[in-house]
Structures are given as C-alpha cells and as structure tokens.
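**Student:** need coordinates for the below:
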Amino acid sequence: MFSAERGKGAHLNGVPVKSSGCTDIGAALACVSFGVSTLRQLEVTTDETRRAYLKRFQECVLSNVGYLTLNCLDIRHIGSTAMELCYLAAGRLDCLVTFGPKEWDLAAGCLILEEAGAVCSDLRGNQPVSSSSTCSNSSSSSSSSSTCSSTCSNSNRMCSSSNRTCSSSSRSSLTCQVKGY
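**Tutor:** Now for the predicted structure:
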C-alpha cells in the first residue's frame, strides 16, 4: 500500500520510495491518463455544445499522445490516475500527463508524489486543479485556439523532476520538455 505524510516521505508497504529523477525526455517512460469513455462519448452525443467540447478534448488528447509517442522512450496508459501518481512516485514512471482529473484522483496521489521528491502541477506550475466541463479562456493568443488551450490548461501534468516543464503551444498541444533542451 502506498502512503505518505507531509514532511515524512512516501512509502510502499512501509519502505521509502523516491521518484526516478529522470530529466531526459527521450529516456522517459511516460504515462497518459484520460477517460477513454469520455473520448467515446463523441460517437453518441447529439448536443452540439457538448460535441464541440468533446471534439476539442479528443484532439488535445490525441495530439499529446502523438507527441509523447515520438519523443519519449515509451508510453503507458494504466487507467487509474491515483495509481499512476503512485507509480510515478515510486520511480516506475518518469512523466505523467493527465486530462480531466478530479480532486479525488489527485489529492492523496499528489501528496505521495511530492513526498517522493517529484513535482505535481498544472501547465503553469500551479497546484493542480480539476478541469470543469466548461472551459474559461486563458491567456491564449488566438481566439480560434483559446478553447482547446483552456482544455489543455485544465489538464494536469506531473513530472518526476523539477527540471521538466510543460507548455501549451499555439496548436494547443501539451509538450513535456526538459529545461535547456
């Protein structure tokens, strides 16, 4: 069982764990976390506003999975954000990009991750927050991409090293990159 207490480290079955500290995106075992059922809703949803949101969500996820596939050592999709955070904390993963997590997905997992020496933040480096079904416009440069940028900005990324940053490009694709590269 994974556990952590603020200031006392992270543990797996009572044994301390540490994140991998990987800073080379090309050597990183990345994980993506998203609701597969959310992606599939596009096929059956008739509400046009919801369809537009789901289409942007789908494009954002697929764009980022494509980026990670081309730039990381390999990628995984486990299916439980909380478990993925714990795997990241234990060094079994090097980078996690998650789309649309809820507070209950992040609360304990982020504490475990931080206590293992890793960073848990959103795209701007802030404490992660849950995405909502309605995206507010953020500091996007073009109005045509502002909604998808908000979708990406509402997703969270967790990297096992503070040397890694994530950013949203003008095409609204999330990239996990090592500082200085």
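**Student:** which of the residues in the helix of greatest length in the chain are buried?
**Tutor:** For the chain, the longest helix by residue count, based on DSSP state H, is helix 48-71. The neighbour-count check on helix 48-71 (16 or more other C-beta atoms under 10 Å) flags 53-54, 56-61, 63-65, 67-68 as buried. All C-beta spots, glycine's among them, are computed from the backbone N, C-alpha and C.
**Student:** check stretch 70-87 too.
**Tutor:** C72, I75, R76, I78, T81, A82, M83, E84, L85, C86, Y87.
**Student:** identify the farthest-apart pair in those.
**Tutor:** For these, the maximum inter-member distance is 21.8 Å, found between C72 and A82 (C-beta to C-beta).
**Student:** what does the helix or strand where E84 lies contact?
**Tutor:** Per DSSP states H and E, E84 falls inside helix 81-89. By C-beta atoms under 8 Å, 6 or more residues apart in numbering, the residues outside helix 81-89 that reach it are 2, 4, 10, 12, 17, 19, 31, 33, 78, 93-96, 98, 101, 105-106, 108-110, 112-113, 115-116, 118, 120, 158, 160.
**Student:** what is the least confident helix or strand in the chain?
**Tutor:** Within the chain, confidence by mean pLDDT, DSSP states H and E is lowest for helix 146-154 among all helices and strands, at a mean of 28.
**Student:** pull the CA atoms of the longest helix of the chain into CSV?
**Tutor:** Taking Å, rounded to 0.1, in the frame of the first residue of the first chain, the C-alpha atoms of helix 48-71 are listed here in CSV:
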residue,chain,number,x,y,z
GLU,A,48,-23.7,20.3,-30.4
THR,A,49,-22.1,22.3,-27.5
ARG,A,50,-21.0,19.0,-25.8
ARG,A,51,-19.9,17.6,-29.2
ALA,A,52,-17.7,20.6,-29.8
TYR,A,53,-16.1,20.2,-26.3
LEU,A,54,-15.6,16.5,-26.8
LYS,A,55,-14.0,17.1,-30.3
ARG,A,56,-11.5,19.6,-28.8
PHE,A,57,-10.8,17.2,-25.9
GLN,A,58,-10.2,14.3,-28.3
GLU,A,59,-7.9,16.4,-30.5
CYS,A,60,-5.9,17.6,-27.4
VAL,A,61,-5.5,14.0,-26.1
LEU,A,62,-4.6,12.5,-29.5
SER,A,63,-2.1,15.4,-30.2
ASN,A,64,-0.3,14.9,-26.9
VAL,A,65,-0.3,11.1,-27.1
GLY,A,66,1.3,11.5,-30.5
TYR,A,67,3.9,13.9,-29.2
LEU,A,68,4.8,11.6,-26.3
THR,A,69,5.0,8.6,-28.7
LEU,A,70,7.5,10.3,-30.9
ASN,A,71,9.6,11.9,-28.1
